[in-house]
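I would like to see how this sequence folds:
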Amino acid sequence: MIINSMRLRKFLTIPLIILGLLVIIQLSRSIINIYGGGGRVGELAAEVVELQKEKEELEREKAFRQTQEFVEREARDKLRMVKDGERIVVLPDTQKNAETNVEERGKVIGEESRPNWKRWIDFWLR
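Got it, this is the predicted structure:
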């Protein structure tokens, strides 16, 4: 009987030791994950703050886009609409205007030598 109980003890001791080691390894992994997860929580908290700021900005933009002023501006700019009594004034492109002035200056070389008062008289009387 004593021999059987010793065999039984040896037989049960080895699996119990292996089981104990597996439990210790799993608990160690869980502890490491918990402590390592603290950094992840900090990252997520920063991301939440950033997303809240973005949400507030989008809400302000949404509120602005729902105003009458925004609707009128979009209608004027994109649809070329006007209110009653208003007129659309189309100004020439400044780049094209500058190129035209350079060409005109080249054509009117002789005018530079005339006195300024004569040029004014010609301008108003023509």
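
what's near enough to touch residue 75?
residue 81 (C-beta atoms under 8 Å, 6 or more residues apart in numbering). C-beta coordinates here come from the backbone N, C-alpha and C atoms, glycine included.

let's have the chain start at 727 instead
Sure, I'll start numbering at 727, so the last one becomes residue 801.

which SSE is it in?
Assigned by DSSP states H and E, residue 801 belongs to helix 794-805.

How about residue 767?
Going by DSSP H and E, residue 767 is part of helix 728-791.

cool, and residue 816?
With DSSP H and E as the test, residue 816 turns up in no helix or strand.

Tell me how many other residues surround it.
Neighbourhood size, residue 816 [other C-beta atoms under 10 Å]: 5.

and it, what pLDDT?
Here, the pLDDT recorded for residue 816 equals 78.

okay, which residue is most central for the protein?
By C-alpha atoms, centre = their mean, the chain has its centre lying nearest to residue 780, at 9.0 Å.

and the gap between that residue and residue 759?
The gap separating residue 780 from residue 759 is 30 Å, by C-beta to C-beta, to the nearest Å.
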